[in-house]
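S.K.: just to be clear, the model below is a prediction. Sequence and coordinates:
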Amino acid sequence: MLFHIEYDLFSDLKERAQAYFADMSEEEIATEFPEGMTVIGRWHDIANGAGLMIADVSSEEALASWMYGWSSLATFPVVKPVLDDGSARRLIQTMEDMSDLDEDED
């Protein structure tokens, strides 16, 4: 399942958090995410200590584990499921078909 995740660094810890991230080794970056979580993309608003990412997550535990790892430095005000184009179109079409059935019953 794809998730849109936004983060906000605690303002008093912004410089510390950014330095920690900047100094992460390639190995630390490679192992930052738990099994069951793959990052599609991550974008940072460095000036404001915020950012967002899209991740493919197979379980709530994987997502919660990753968030917990950063919870001393950031909050996550937005965590919501999102769909790619194909999935969104299929869902909308299914919902339209169900809506048509409801109208036929009236």
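M.R.: Alright, I've got the coordinates.

S.K.: what's the pLDDT at Met98?
M.R.: In this model, Met98 is scored at 81, pLDDT.

S.K.: next, count neighbours for it.
M.R.: By other CB atoms under 10 Å, 10 other residues sit near Met98. The C-beta positions use only the backbone N, C-alpha and C, and glycine is treated the same way.

S.K.: host element of it?
M.R.: Using DSSP states H and E, Met98 falls within helix 85-105.

S.K.: in CSV, list the C-alpha atoms belonging to that helix.
M.R.: The C-alpha coordinates for helix 85-105 follow below in CSV (Å, rounded to 0.1, in the frame of the first residue of the first chain):
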residue,chain,number,x,y,z
ASP,A,85,-3.1,6.4,-11.6
GLY,A,86,-4.1,2.8,-12.5
SER,A,87,-5.4,1.9,-9.0
ALA,A,88,-7.3,5.2,-8.7
ARG,A,89,-9.0,4.7,-12.1
ARG,A,90,-10.0,1.1,-11.2
LEU,A,91,-11.4,2.2,-7.8
ILE,A,92,-13.3,5.1,-9.3
GLN,A,93,-14.7,2.9,-12.0
THR,A,94,-15.8,0.3,-9.4
MET,A,95,-17.4,2.9,-7.3
GLU,A,96,-19.3,4.3,-10.3
ASP,A,97,-20.5,0.8,-11.2
MET,A,98,-21.7,0.4,-7.6
SER,A,99,-23.4,3.8,-7.7
ASP,A,100,-25.2,2.7,-11.0
LEU,A,101,-26.5,-0.4,-9.2
ASP,A,102,-27.8,1.7,-6.3
GLU,A,103,-29.6,4.0,-8.8
ASP,A,104,-31.1,1.0,-10.6
GLU,A,105,-32.6,-0.3,-7.2
